[in-house]
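Peer 1: I'll drop the sequence and a predicted model, then ask my questions.
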Amino acid sequence: MAQRGDRRIHVIGTMHFNDPRMEAVAARLEPLVSGADQLLLEITPEDEKELQTKLGTSPELTFITEGPSLIDRLPAEEWAMISTLAQKHGLPSWMAAKMRPWFLGLSMSAPPCLKSTEARELGLDKRLQKAATAAGIPMRSLEDPMTIIQAMNADSLEEQIRQMRLTLSMAGQGTDEFVTLTHSYFDEQAWRALARIERSFYQSSAFAQNEAEQLWQRGMDLVLVRRNKAWIPVIEGTEGDNLVVAVGALHLPGETGVLNLLQRQGYRLSRAPF
């Protein structure tokens, strides 16, 4: 919990997919949500619906609508590997070939077993959303998701391809890596799991050491650092003395994590049972 004067912010690190252990976690956290002035999320249900509508009417945001597809932009051997992986994730090769690299990488970042609607709907974020809805607690998005999409699309397709390789390396291509990350989450050691993935990425033969380091730092800056910093003014500008902030667990720790950034704003941090 972060406290400054009369203001209390309960900061919850979430996991976006279901796990049998999530039921007990959500039950313990539900009273915090039902007693809050507002629940702040990466994206609220209403904003998520609006985003899906925008993506449906503007395919150029997530698909290559002009020029060569990924089939012609990648070496044949690499495309064959990605195509096979895409099919395992339920994506036909022709569709994967037309997806923007960052979007394709994101679509393949979780094991296929977690693609079901139930797995997503029972993640901690969604469970807390349901608790807020049931209690009539207002919800607010910490960011405009279009800002992220625009940032992803600002790079050339060639740079997006490089970042896609990083995304796939981080996520792993099987369930073992994800199981390790999941256990680390419930052990409250998600940051250490990410550090192991970073070391593994540096040891990969796919990139030279200096290139691997640049890719990693750029990826972390885009996915974590910039977003964390942008969230602080939103949190500070939200009305209420009893807030709940629920974001992905990897956004919390580290020098540029949400917890340290709140501490810099004068909040006193105390660890609460998870």
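Peer 2: Perfect, thanks for sending it. Numbers count the residues shown, from 1 in each chain.
Peer 1: can we go C-alpha only for contacts and neighbour counts from here?
Peer 2: OK.
Peer 1: out of everything not next to it in sequence, what's closest to residue 140?
Peer 2: residue 40 (4.9 Å; CA to CA, 6 or more residues apart in numbering).
Peer 1: and that neighbour, that one's in a strand?
Peer 2: Yes - under DSSP: H, G, I helix; E, B strand; the rest coil, residue 40 falls within a strand.
Peer 1: so who does it touch?
Peer 2: Counting by CA atoms under 8 Å, 6 or more residues apart in numbering, residue 40 makes contact with 139-142, 235, 243-246.
Peer 1: nearest to residue 259 among those?
Peer 2: residue 245 (10.8 Å; CA to CA).
Peer 1: Three-state assignment for that closest one, please.
Peer 2: Going by three-state DSSP: residue 245 is strand.
Peer 1: after the least confident helix or strand in the chain by mean pLDDT, which helix or strand is next?
Peer 2: Lowest mean confidence among the helices and strands of the chain (mean pLDDT, DSSP states H and E): helix 117-121, at a mean of 65. The helix or strand immediately downstream of helix 117-121 is helix 124-135, counting by DSSP states H and E.
Peer 1: tell me the pLDDT at residue 15?
Peer 2: pLDDT for residue 15: 91.
Peer 1: what's it sitting at in phi/psi?
Peer 2: phi -120, psi 140 (degrees, to the nearest 10).
Peer 1: going forward, count from 637.
Peer 2: Okay, using 637 as the starting number, the last item reads as residue 651.
Peer 1: ok, it - contacts?
Peer 2: 759-761, 821, 884-885.
Peer 1: residue ranges with poor pLDDT in the stretch 637-786 of the chain?
Peer 2: For the stretch 637-786 of the chain, the stretches flagged by pLDDT under 70 are 747-756.
Peer 1: what about the strands in it?
Peer 2: 638-640, 643-650, 674-677, 775-777 (DSSP state E, counting those that start in this stretch).
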